[in-house]
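Asks: how does the following fold in three dimensions:
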Amino acid sequence: MPRRMLRWLLPLALLLLLVLAPAASAANDGRGFYGATNDKIVTNAGFIVIAFFPIFVFVMSMLQRYLEKRKEARKAAEKALLGNAQWRGGW
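Replies: Numbering: from 1, shown residues only. This is a model prediction of the structure:
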């Protein structure tokens, strides 16, 4: 992004945020999207957050493992297709 465009876009974005912030905080009497909350709701939301991160790490690790196996299989198949050692390259 050219510097000239950024020089105008950044102050404009900040001004827009400052103009819209009071309306956002005044909506719904400050209760948020969920509505009125109590201790049970906040505690359950905390437990959900605590449970989310280990599950997320596990799922992403399994995805990485699967993709790594695919990559290794593709490399092995390519190496097998070349057949003879003299056609594989290297020294």
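Asks: just give the number of residues close to residue 83.
Replies: 9 (other Cβ atoms under 10 Å). C-beta: built from backbone N, CA, C; applies to glycine.
Asks: relative to residue 45, how far out is it?
Replies: Distance check for residue 83 against residue 45: by Cβ to Cβ, to the nearest Å, it reads 59 Å.
Asks: residue 21 now?
Replies: For residue 21, the distance to residue 45 - Cβ to Cβ - is 24 Å.
Asks: do residue 39 as well
Replies: For residue 39 relative to residue 45 (Cβ to Cβ), the value is 11 Å.
Asks: same check on residue 17?
Replies: Using Cβ to Cβ, we find residue 17 at a distance of 26 Å from residue 45.
Asks: swap in residue 10?
Replies: Residue 10 is 34 Å from residue 45, by Cβ to Cβ.
Asks: now do residue 2
Replies: 43 Å.
Asks: between those two, which is the more surrounded one?
Replies: residue 45 (12 against 6).
Asks: which residues sit in contact with that one?
Replies: Residues in contact with residue 45 (Cβ atoms under 8 Å, 6 or more residues apart in numbering): none are found.
Asks: which SSE is it in?
Replies: Using DSSP states H and E, the element containing residue 45 is helix 39-82.
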